[in-house]
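Enquirer: Based on what follows, work out the 3D shape:
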Amino acid sequence: MNDNLIITIGRQFGSGGREIGKRLADLFGIAYYDKELINEASKSSGLSTEYFEKADERAPSALLNSFSINWLTGAGGIWGDGGLSNEYIFKFQSDVIRHLAETQSCVIVGRCADYILRQYPRCYNVFIHAPLEDRIERIISRSHGMTRKEAIELAEKKNKLRASYYNFYTDKGWGVASSYDLSIDSSILGSEETAIFIRDFIQKKDGMPKWEKKK
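Expert: As a prediction, this is how the structure comes out:
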């Protein structure tokens, strides 16, 4: 097992988790992966990014209507009645996450990375949340023309999908504090100070200064 520093970020939709994750990666001078995992999984498996995009953080029940065509192939078991088996999609993506963790220090957002990398000694798992009003304000600010009602509905839908996905593939509860090393409300300090707080927390827990930001 290598000694790479891995930070996983779980997040409520609209909490600023992606922004905080990017800032953390910059503070530590390490790589950042979110949607990039889809491209990596596609290249690794040789499959179209379409499969990974449709399956992204969706539990099997949410996938049944995503692949409506009955595909035929000699690949031997990776195709289900509704298309590419979601278990194989999860496996391909999990293999990519493990490969990244074995080859470099990085921040990984979502996709059950905390569970997939649970055996890694320097993997620190963070969950970002925020009050509804703060999340709605952020969603509207980045979505031109979206109403408050639409923003609330979108947030509820996204969080429900993420929770179902996480709870299906892990033995933990999405958003439950005990599932993570740190659970933090991003509205208290704001994105920048939250990222700094998380950095300081990880440095103390990790016993740094054995880890130093790359020049």
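Enquirer: Buried residues, the helix or strand hosting residue 157. List them.
Expert: Counting by DSSP states H and E, the element that carries residue 157 is helix 148-169. Along helix 148-169, the positions that meet the burial threshold by neighbour count (16 or more other CB atoms under 10 Å) are 151-152, 154-155, 159, 161-169. Bear in mind the C-beta positions are built from the backbone N, C-alpha and C, glycine included.
Enquirer: check contacts around the residue nearest the centre of the chain.
Expert: Central residue of the chain (CA atoms, centre = their mean): residue 110, 1.0 Å from the mean position. Listed by CB atoms under 8 Å, 6 or more residues apart in numbering, the contact set of residue 110 reads 9, 10, 11, 17, 34, 57, 162.
Enquirer: still on that earlier bit, can you tell me which of the buried residues of helix 148-169 is closest to residue 98?
Expert: Within the buried residues of helix 148-169, the smallest distance to residue 98 is 14.2 Å, found for residue 169 (CB to CB).
Enquirer: quick one: the closest one and residue 59, what's the gap?
Expert: Using CB to CB, to the nearest Å, one gets 8 Å for the distance from residue 169 to residue 59.
Enquirer: The helix holding residue 157 packs against which elements?
Expert: helix 60-63, helix 132-141 (3 or more CB pairs under 8 Å, 6 or more residues apart in numbering; DSSP states H and E).
Enquirer: got the angle for that helix vs helix 132-141?
Expert: 110 degrees (axes from the mean of the first three to the mean of the last three CA atoms, to 10 degrees).
Enquirer: worst-scoring helix or strand of the protein, pLDDT-wise?
Expert: Ranking every helix and strand in the chain by mean pLDDT, DSSP states H and E puts strand 79-80 at the bottom, with a mean of 46.
Enquirer: Am I right that residue 32 falls within a strand?
Expert: Yes: assessed with DSSP: H, G, I helix; E, B strand; the rest coil, residue 32 lies in a strand.
Enquirer: Chain neighbours aside, what residue packs nearest to it?
Expert: residue 25 (3.7 Å; CB to CB, 6 or more residues apart in numbering).
Enquirer: what's near enough to touch residue 130?
Expert: 12, 14, 15, 16, 138, 185, 186, 187.
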